[in-house]
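Novice: Make a model of this:
(one chain, ligands or ions: 1)
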Amino acid sequence: MPEKVVIIGSGPAAWTAAIYAARAALEPLVYEGAATEENRLRGTLPLGQLALTTEVENYPGFPAGDLSAYLLDSLADDKSYLADMHQKEGVSGPELMELMRQQAINFGTRVMTDDIADVDFDARPFHLRALGGDEVEARTVIVATGARANYLGIESEERFKNKGVSACAVCDGALPRFRNKPLVVVGGGDSAVEESDYLSKFASIVYMVHRRDALRASKIMAQRAMENKKIDIVWNSVVDEVLGNDTDGVTGVRLKSTIDDNSRELEISGFFLAIGHTPNTGFLAGKLEMTEKKYLKWTVPFRTNTSVEGVFAAGDVADDYYRQAVTAAGSGCMAALDAERYLAAKGL
Ligand code: NAP
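Specialist: Prediction:
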């Protein structure tokens, strides 16, 4: 028998879709991604972007305070170590993802720890092939594979991930290690301005390092950066090396000029990337309509429909604008309801 709903992904959009689909007796099957070295290096391991963050202070329902007793009670035994990370800030990203996953499983969701490598959306039911070789048929598919933050790709950046290197100011900016300290944001687009502006509330100064002499950001955002006394735009420069040690994490960066041979060092405590995101849609090339930047296209206003009837998209894989855990979860709920109504309308 074909599956009623297959969900691809394992961030807040995927688990919320699974919770709703399971409660609607659709017995969802989730492909949460494969735990491979390749996925680790690309930042696409199971549980998504939130699993790469620390405290999550803006997800409703998880106020600051010691929630460890609750977490210990709610998490599977082999995940109880996660509760140790949580003391007085909001819930941590990895905990939140484990809790959502557990909630989906509690309602009967089945989980495969594998990637979907190929899809045939011309066939009815749809045909999916997993990396490990599984073949699955599905009446509806919810794609919730998210988007990964772009990094520069230098070795020292990788070494200090979670020790001062971050690609999400909103997730990590308020952490004690960044407070009243000089920070660097790399990029010259709207995200870089937004992240710099946000970080400037906590930092002593934010150096916004941009490789050209003009910002890509919209006029209003560019003006915001120029007018903020705590943002110092470092023009025509790229980061050559992130400096630091195992005890303190990031302590500085070496900058290289893009117009001459000069280089210099800046003392900083945090290094933030805002050089764009890449949606995880490579395996869907030619199968679903995408935007110029390869995000999935929602084809019906205020619905999660894609260009193929019966295939729905939720979360950052289709949303390059809000990119928040709570908005992803919201669209995951919508996708499950859209799938349920589609199945009912088709009598499937
Ligand atoms: P973006 O507009 O693509 O800007 C990326 C920035 O990173 C560019 O300045 C680019 O430099 C720089 N960059 C890219 N690769 C780099 C590298 N390897 N090394 C150094 N610098 C690099 O991306 P975004 O800022 O994330 O914005 C994405 C979309 O979301 C845009 O449409 C934006 O308007 C929208 N957005 C809107 C808001 C808002 O309105 N509040 C906030 C955030 C995002 P170059 O300029 O030299 O290419």
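Novice: Show me which residues of the stretch 51-200 of the chain are close to the ligand?
Specialist: Residues of the stretch 51-200 of the chain lying near the ligand by CB under 6 Å from any ligand atom: 152, 186-192, 194. Every C-beta, even on glycine, is put in place using the N, C-alpha and C of the backbone.
Novice: rerun at 5 Å
Specialist: 187-191, 194 (CB under 5 Å from any ligand atom).
Novice: for the residues you listed, which one is nearest H210?
Specialist: Each of those was scored against H210 by CB to CB, and G188 proved nearest at 3.7 Å.
Novice: Could you check how many residues crowd around the residue of the chain found nearest the ligand?
Specialist: Nearest residue of the chain to the ligand: G189, at 2.4 Å (CB to the nearest ligand atom). Neighbourhood size, G189 [other CB atoms under 10 Å]: 18.
Novice: which ones are touching it?
Specialist: 215-217, 274-276 (CB atoms under 8 Å, 6 or more residues apart in numbering).
Novice: how about those residues in a markdown table, adding secondary structure and pLDDT?
Specialist: Output for the contacts of G189, formatted as a markdown table (DSSP: H, G, I helix; E, B strand; the rest coil; pLDDT from 0 to 100):
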| residue | secondary structure | pLDDT |
| --- | --- | --- |
| L215 | coil | 97 |
| R216 | coil | 96 |
| A217 | coil | 95 |
| A274 | coil | 93 |
| I275 | coil | 95 |
| G276 | coil | 87 |
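Novice: can I get the residues you listed in a markdown table with distance to the ligand?
Specialist: Shown next, in a markdown table, are those (distance: CB to the nearest ligand atom, whole Å):
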| residue | distance to the ligand |
| --- | --- |
| L215 | 7 |
| R216 | 4 |
| A217 | 7 |
| A274 | 6 |
| I275 | 4 |
| G276 | 4 |
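Novice: How about the contacts made by the residue positioned nearest the centre of the chain?
Specialist: By CA atoms, centre = their mean, the chain has its centre lying nearest to Q49, at 3.3 Å. By CB under 8 Å, 6+ apart, Q49 lies in contact with 11, 43, 93, 146-149, 168, 316.
Novice: What is the nearest of those to E37?
Specialist: Using CB to CB, G43 comes nearest to E37 of the contacts of Q49, at 12.3 Å.
Novice: what pLDDT does the closest one get?
Specialist: Looking at G43, its pLDDT is 78.
Novice: Excluding chain neighbours, what is closest to it?
Specialist: R148 (4.4 Å; CB to CB, 6 or more residues apart in numbering).
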